[in-house]
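Enquirer: Below are the sequence and a predicted model for it; my questions follow.
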Protein chains: 2
Amino acid sequence: MKATRKLSIEKISIAPAYKVVSQAIERQIMQGTIKAGDVLPSETALAEQLGVNRSTVREGIRLLEQNGLVRRRGGKKLFASVPHYHETAAHVSRAMVLHEVTFQELWETIMALEPVAAELAAERATEEEIAALEDNLERTRRSLANSESLTELDIEFHHLIARASHNRALLLAREPLSHLFYPAFYNVMSRLNAGERLFFAHDKILEGIRNRDPQTAKSWMEKHIVDFRRGYELANLDIHAQVEPSSLPLVAE
Amino acid sequence: MKATRKLSIEKISIAPAYKVVSQAIERQIMQGTIKAGDVLPSETALAEQLGVNRSTVREGIRLLEQNGLVRRRGGKKLFASVPHYHETAAHVSRAMVLHEVTFQELWETIMALEPVAAELAAERATEEEIAALEDNLERTRRSLANSESLTELDIEFHHLIARASHNRALLLAREPLSHLFYPAFYNVMSRLNAGERLFFAHDKILEGIRNRDPQTAKSWMEKHIVDFRRGYELANLDIHAQVEPSSLPLVAE
DNA sequence: CGTTGATTTATTGTCCGACAATCCAATCGT
DNA sequence: ACGATTGGATTGTCGGACAATAAATCAACG
């Protein structure tokens, strides 16, 4: 940059310039100097400001881009941005797959989160959110035969509930888990023909939410999740099997 | 628009080459063609294989690098890698801060996770893990006066319990939350002098774990988390305040 | 023969310059 | 006022260059 502050022969590894560039911009975004939606200077301008070459700036931008802190809109301009929750969820999903998390670990965690989500949803869901849930339920009723859409509808149902909980931390924590359940869920559904039970449980949960009855919503959600595990075992699937990456793209927006 | 005689299938923008490069490598890693620890070809070799320029390869590598799918060791060689859980946690933390998650949301979520973690830890903790928890407790006892170390020790305690739960999904889900609690926790500690209560609760939780008594561990953890919230309110802090970014680095390894 | 030290080679990080495609904005024609 | 045109700005990609340094190779030495 400008001042040479490298007098001491510090431990090791001065960060490469592209990383410094990325961190410099990241700091400004985190501090609020740059707000989401702001358009960033052009690459050449940044290169000049930061005193590095454009190629270096580009590499720095790639880091931010992958984080979702920055994205291109309209193909040209670079905007600061808040990471979309499904990008974040995808990161976590991938990490879990690579860490070879088992179905049981997934289940234990979702079992901790979903009932709370249902409980909070019963307290806070807006009319629109309840309508969306009812729409989902209706589509579920019409898809009882089709394992594939049933699986997608179930994932959507739980996602909608998490949204209705109005708790973004919860939403962000459960999303990657839900995503990873897809393959297991599909397996259970196509082998067990458990559509009726699923519909019934969803109906009860939604009833609890509609009636602003957190306890009902919560306990039916618990039953629902427990039931799924039983189905998993009944379908002769290995509870200690590693979760597979789901090719299903995370729900958008 | 359609004045040119280009084939009309041109609508969707083709992904830039650097993204294609990144995805190509990512796919190989996810499929297991490349396993964690493998050393990747040099940039020039990759450029040749993929038929693009080295600069383009570099930009692609940056994407993977930020994801933790790939990292440099010894400053030269590029290794495939599994994302470290604290990298993933940092992603999520940042996302939550930028989404302006409130303390209440954070609390509700951690309230769902921590008791389950304690419960599972009581069932599964190894002797080493229990020893580490006891060591932590002892250090806590000696730090009752110091808010700062108390905060760090508490975070470590909960992290150790999550580890002892032997559930990596749970570990990964709760880590970013725990991290974000740091500032709030420090505030409560330094205003309320609640070290004794904290120590007492930790002691009870650990007792439950040591005695392989999941219910005790779980219910004391519940009390502990509820207690923290009460402390937060007693300290006159706003439950709906946005969480701040913690400058505390995530626990390493 | 194994260890150490010197030398060569390979590779990364950074820079420079170039160019086509394309988006953006200002201008122009009507 | 408004649509088309044009020209500048910007991005994505390429090619090449070079210093620094990690890795590999070889030489000397005990």
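Expert: Now that the structure is in, tell me what you want to look at.
Enquirer: Okay, strands next: where are they in the stretch 1-150 of chain A?
Expert: Here the stretch 1-150 of chain A has its strands, by DSSP state E, counting those that start in this stretch, at A:70-73, A:77-80.
Enquirer: In a markdown table: the ones you listed, plus distance to B:F157.
Expert: Every residue, glycine included, has its C-beta placed from N, CA and C. Listed next are these as a markdown table, based on distance: least, C-beta to C-beta, whole Å:
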| stretch | distance to B:F157 |
| --- | --- |
| strand A:70-73 | 36 |
| strand A:77-80 | 37 |
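Enquirer: nearest to B:L170, of the ones you listed?
Expert: strand A:70-73 (31.0 Å; C-beta to C-beta).
Enquirer: about what we covered before: just send the strands of the stretch 1-150 of chain A back as CSV, with mean pLDDT, mean neighbour count and distance to B:G195 too.
Expert: Formatted as CSV, these follow (pLDDT from 0 to 100; neighbours: other C-beta atoms under 10 Å in any protein chain shown; distance: least, C-beta to C-beta, whole Å):
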stretch, mean pLDDT, mean neighbour count, distance to B:G195
strand A:70-73, 91, 16, 42
strand A:77-80, 92, 16, 41
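Enquirer: among those strands, which is nearest DNA strand C?
Expert: Set against DNA strand C and scored by C-beta to the nearest atom of the strand, the strands of the stretch 1-150 of chain A come closest in strand A:77-80, at 5.4 Å.
Enquirer: so does the closest one get close to chain B?
Expert: No: Strand A:77-80 does not reach chain B (C-beta under 8 Å from any C-beta of the partner chain); its nearest approach is 9.8 Å.
Enquirer: what's that strand packed up against?
Expert: Strand A:77-80 is packed against strand A:70-73, with contacts defined by 3 or more C-beta pairs under 8 Å, 6 or more residues apart in numbering or on different chains; DSSP states H and E.
Enquirer: Given the strand it packs on, what are its sheet partners and their directions?
Expert: Applying DSSP bridges, strand A:70-73 is found paired with strand A:77-80 (antiparallel).
Enquirer: Now do the contacts for the nearest residue to A:E134 once chain neighbours are set aside.
Expert: Distances taken as C-beta to C-beta, 6 or more residues apart in numbering or on different chains place A:L206 nearest to A:E134, at 6.7 Å, with adjacent residues excluded. The contact partners of A:L206, taken as C-beta atoms under 8 Å, 6 or more residues apart in numbering or on different chains, are A:I130, A:L133, A:E134, A:L137.
Enquirer: Next, count neighbours for the second one.
Expert: What it means is A:L133. Number of residues near A:L133 (other C-beta atoms under 10 Å in any protein chain shown) recorded here: 23.
Enquirer: same question, the last one
Expert: A:L137: 18 surrounding residues under other C-beta under 10 Å.
Enquirer: Make sure it is actually in contact with A:K204.
Expert: No: between A:L137 and A:K204 there is no contact, the gap being 10.6 Å when judged by C-beta atoms under 8 Å.
Enquirer: residue contacts, the closest residue to A:N167 other than its chain neighbours?
Expert: Excluding the flanking residues, the one nearest A:N167 by C-beta to C-beta, 6+ apart is B:E105, at 4.5 Å. B:E105 is in contact with A:N167, A:R168, A:A169, A:L170, counting by C-beta under 8 Å, 6+ apart.
Enquirer: pretty sure the last one is in a helix, no?
Expert: Going back to what we said before, that points to A:L170. Yes: according to DSSP: H, G, I helix; E, B strand; the rest coil, A:L170 belongs to a helix.
Enquirer: Run through the residues that contact it.
Expert: A:L113, A:V116, A:A117, A:L120, A:A162, B:E105, B:E108, B:T109, B:A112.
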